[in-house]
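Chemist: for reference, the sequence and a predicted model appear below.
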Amino acid sequence: MSQTAAYAHYAILTAMLAPAFFLTATASLLLSANNRLARVIDRARVLLKELAESEDEEEREMLERHIARQKRRSKIILRGSQLLYTAISFFVGTSLTVAGDAYLGYRLASLPTILAVFGVLAMFAASVLLALESSLAVEAVNEEMDHGHRRAKVRRPRGGD
């Protein structure tokens, strides 16, 4: 193998590895999304149990709102995860088309670049969805804290501060 051919192979391998950086970032986001989904499911189960045990109408309405929010959060996380899996597919496709393009004498033109762009766009869209879900999570926690604080004030005995 000539030195020029060896450099060409290294260039191809380097180009194939470039999507790996995006794969790593995407996998990290996917792990985070899956952990968030698990927390949402756990919280929804607790809320459903509390709803089944509650006899107070105001409490039941509040629990229904929280359950609806958890359902919305889980759907957003699911969409984000699906986009992250799509991004992974595009990045793997990018790597494979770089190799295939070299093998075919660079006839695939801009296909590797197009796949990479779609991967980045899918990752971007997933990030936006996960940011939205984070806002819903904070909104839910704040509402639950406010509700708990109001309940604690009602239950606190008068005169003993």
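Modeler: Arrived safely, thanks for sending.
Chemist: residue 35 and residue 81, how far apart?
Modeler: 11 Å (C-beta to C-beta, to the nearest Å). Where C-beta positions appear, they are placed from N, C-alpha and C, glycine not excepted.
Chemist: identify the spatial nearest neighbour of residue 41, chain neighbours not counted.
Modeler: Nearest residue to residue 41, sequence neighbours excluded (C-beta to C-beta, 6 or more residues apart in numbering): residue 74, at 6.9 Å.
Chemist: and the one you found, what pLDDT?
Modeler: With respect to pLDDT, residue 74 scores 97.
Chemist: returning to that earlier point: so residue 35 and residue 81 - more neighbours on which side?
Modeler: Each of residue 35 and residue 81 has its neighbours counted (other C-beta atoms under 10 Å); residue 81 has more, 20 against 11.
Chemist: secondary structure element for that one?
Modeler: Here residue 81, judged by DSSP states H and E, is contained in helix 57-103.
Chemist: from the chain's centroid, how far away is the helix or strand just after that helix?
Modeler: Remark: after helix 57-103, the chain's next helix or strand is helix 111-155, criterion DSSP H and E. Its chain's C-alpha centre lies 9 Å from the corresponding centre of helix 111-155 when counted by C-alpha atoms, centre = their mean, to the nearest Å.
Chemist: adjust the sequence numbering to begin at 30 for everything that follows.
Modeler: Got it, first residue is 30 now, which makes that one helix 140-184.
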